[in-house]
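[1] Fold the following, please.
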Amino acid sequence: MPPITKLRDSREGGGVAIYVHKTAKVVPLLHYDIKDLEAVWAEIMIGNVRLVVGSVYIPPGQLQQLHLLRGVLQRICTENSDVVIGMDANARNHLWEADMVSENSTNQRMGEVLADILMDCSMEVLNDGSAIYHKGQYKLHWTSLRQKEFFVIMYVTGGFLMTIYDQITLQ
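    Numbering: from 1, shown residues only. Predicted coordinates for the structure are as follows:
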């Protein structure tokens with residue numbers, strides 16, 4: 001199955017994508033697509049486990065896109081019991097950056113809004129609190145919902161988002 005993608009049309013750069021292992025069953029959830037939100041959603045089946053996976057990018061300073069995310073995420077979480085999101089929101093918050101220095105910045109305000117969205121949707125941040133950016137390499141973290149536990153190691157190398165499929169455990 002080719003990746004599920006949403007490419008940027010309003011400016012230079014990439015977009016968002018969901019790649020799945022060839023043994024997983026995947027259905028793109030196009031009815032959750034919002035014109036001005038860089039996000040893709042898919043239903044994925046691995047064995048007997050069904051979950052909705054999202055890939056989201058929020059550009060720096062774009063609070064209005066976080067408000068769009070709130071609306072679609074509330075709908076997704078209402079309609080689905082298990083949801084996982086990989087996200088670059090350009091937002092800072094102590095929930096995912098333990099050593100963050102408090103400052104009055106747009107990124108910190110966006111972090112407060114994103115934390116509220118995740119709490120409103122009963123999601124939790126799976127992050128050890130360490131910095132998520134290290135000299136050209138991103139350490140990406142996922143959020144999970146409800147009774148399942150997810151452990152996913154993701155990394156960016158050579159411009160590609162990578163994971164080792166065997167390290168995904170669903171219990």
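[2] Can you show me the helices along this protein?
    All helices of the chain, identified by DSSP state H, fall at 63-79, 106-120.
[3] what's the burial count for the nearest residue to residue 43 once chain neighbours are set aside?
    In space, and not counting its chain neighbours, residue 43 is closest to residue 27: 4.5 Å by CB to CB, 6 or more residues apart in numbering. For the C-beta atoms, the positions are set from N, CA and C on the backbone; glycine is no exception. Residue 27: 13 surrounding residues under other CB atoms under 10 Å.
[4] Low-confidence stretches in this protein?
    10-13, 127-171 (pLDDT under 70).
[5] for it, what spans make up the strands?
    All strands of the chain, identified by DSSP state E, fall at 4-7, 15-18, 25-28, 38-46, 49-57, 83-88, 123-125, 133-134, 137-140, 142-145, 150-151, 154-157, 160-163, 169-170.
[6] what's in contact with the first one?
    Okay, so that is strand 4-7. Strand 4-7 is contacted from outside by 14-18, 26, 28, 33, 38-40, 42, using CB atoms under 8 Å, 6 or more residues apart in numbering.
[7] Check the offset of it from the chain's centre.
    14 Å (CA atoms, centre = their mean, to the nearest Å).
[8] any idea which residue sits dead centre in this protein?
    residue 86 (2.3 Å; CA atoms, centre = their mean).
[9] What's opposite that residue in the beta bridge?
    residue 55, residue 142 (DSSP bridges).
[10] before we move on, back to that, JSON lines for the contacts of strand 4-7, including distance to residue 96 and neighbour count?
    Below are the contacts of strand 4-7 laid out as JSON lines (distance: CB to CB, whole Å; neighbours: other CB atoms under 10 Å):
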{"residue": "14", "distance to residue 96": "22", "neighbour count": "13"}
{"residue": "15", "distance to residue 96": "23", "neighbour count": "14"}
{"residue": "16", "distance to residue 96": "19", "neighbour count": "23"}
{"residue": "17", "distance to residue 96": "22", "neighbour count": "16"}
{"residue": "18", "distance to residue 96": "21", "neighbour count": "20"}
{"residue": "26", "distance to residue 96": "27", "neighbour count": "18"}
{"residue": "28", "distance to residue 96": "28", "neighbour count": "15"}
{"residue": "33", "distance to residue 96": "26", "neighbour count": "13"}
{"residue": "38", "distance to residue 96": "19", "neighbour count": "24"}
{"residue": "39", "distance to residue 96": "18", "neighbour count": "22"}
{"residue": "40", "distance to residue 96": "21", "neighbour count": "23"}
{"residue": "42", "distance to residue 96": "23", "neighbour count": "21"}
